[in-house]
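> Compute the structure for the input listed below.
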Amino acid sequence: MATLVAYFSSAKNGNTARKAKDLAQAAGADLISIEPETPYSRADLDWTDSNSRSTQEKNDPSIRPAITNAPVDTAKYDKLYLGFPIWWGVAPNVVKTFLDANDFAGKQVYLFATSGGSGIGAAVEDLKRAYPQLNIIEGKMANGRISGDIFA
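Model prediction:
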């Protein structure tokens with residue numbers, strides 16, 4: 001069986017993208033970027049604007065932004081590393097779109113995140129509540145250097 005690193009990063013070569021690429025290389029895993037159908041603009045990400053797209057998504061957890069690359073052939077994977085930036089303490093809704101579109105039940109799911117100041121604990125608990133069928137084993141911040149499997 002194989003390992004998949006799937007990640008969402010609002011910037012093409014942002015922190016989360018770089019960490020995901022490092023992790024995929026270190027773990028010998030396949031890599032996929034979760035791509036929103038409508039990319040997030042700088043205005044969309046303005047957390048100080050109550051009308052920005054990201055703020056609206058935060059205020060309505062049922063919003064699922066469309067993505068361009070689902071579903072994934074999950075049958076060939078037994079382990080998923082799922083990465084994202086922390087937005088308001090949790091994973092962005094686009095990550096939930098990816099999980100909704102793919103069946104990772106029975107797989108080992110490891111969460112990793114990047115953030116300028118928040119921890120990953122609330123994001124892990126939120127995803128465990130939203131996806132009780134998933135075997136979410138652990139979550140770690142990946143703000144530092146990845147020099148091997150961060151979950152080893």
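
> Now do the buried residues in the worst-scoring helix or strand of the chain on mean pLDDT.
Per-element confidence for the chain was summarised using mean pLDDT, DSSP states H and E. The lowest value among helices and strands belongs to strand 135-141, with a mean of 87. Buried residues in strand 135-141, defined by neighbour count with 16 or more other C-beta atoms under 10 Å: 136, 139-141. Just so you know, the C-beta spots here come from the backbone N, C-alpha and C atoms, and that holds for glycine as well.

> Tell me the secondary structure at Asp78.
strand (DSSP: H, G, I helix; E, B strand; the rest coil).

> So it is in contact with Lys107, correct?
Yes - the pair formed by Asp78 and Lys107 meets the contact definition of C-beta atoms under 8 Å, at 5.8 Å.

> out of those two, which sits in the more crowded spot?
With neighbours defined as other C-beta atoms under 10 Å, Asp78 and Lys107 compare such that Lys107 has more, 20 against 14.

> Alpha carbons of the helix or strand Tyr110 falls within, as CSV, please.
Element membership of Tyr110 [criterion: DSSP states H and E] is strand 108-114. What follows is strand 108-114, C-alpha atoms only, in CSV (Å, rounded to 0.1, in the frame of the first residue of the first chain):
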residue,chain,number,x,y,z
GLN,A,108,-4.6,6.1,8.9
VAL,A,109,-5.0,9.9,8.8
TYR,A,110,-2.4,12.2,10.2
LEU,A,111,-3.0,15.9,10.2
PHE,A,112,-0.3,18.6,9.9
ALA,A,113,-0.7,22.3,9.8
THR,A,114,1.1,25.6,9.6
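
> Distance from the chain centre to the helix or strand just after that strand, please.
Past strand 108-114, further along toward the C-terminus, the next helix or strand under DSSP H and E is helix 121-130. Taking the mean C-alpha point of helix 121-130 and that of its whole chain, the gap between them comes to 12 Å (C-alpha atoms, centre = their mean, to the nearest Å).
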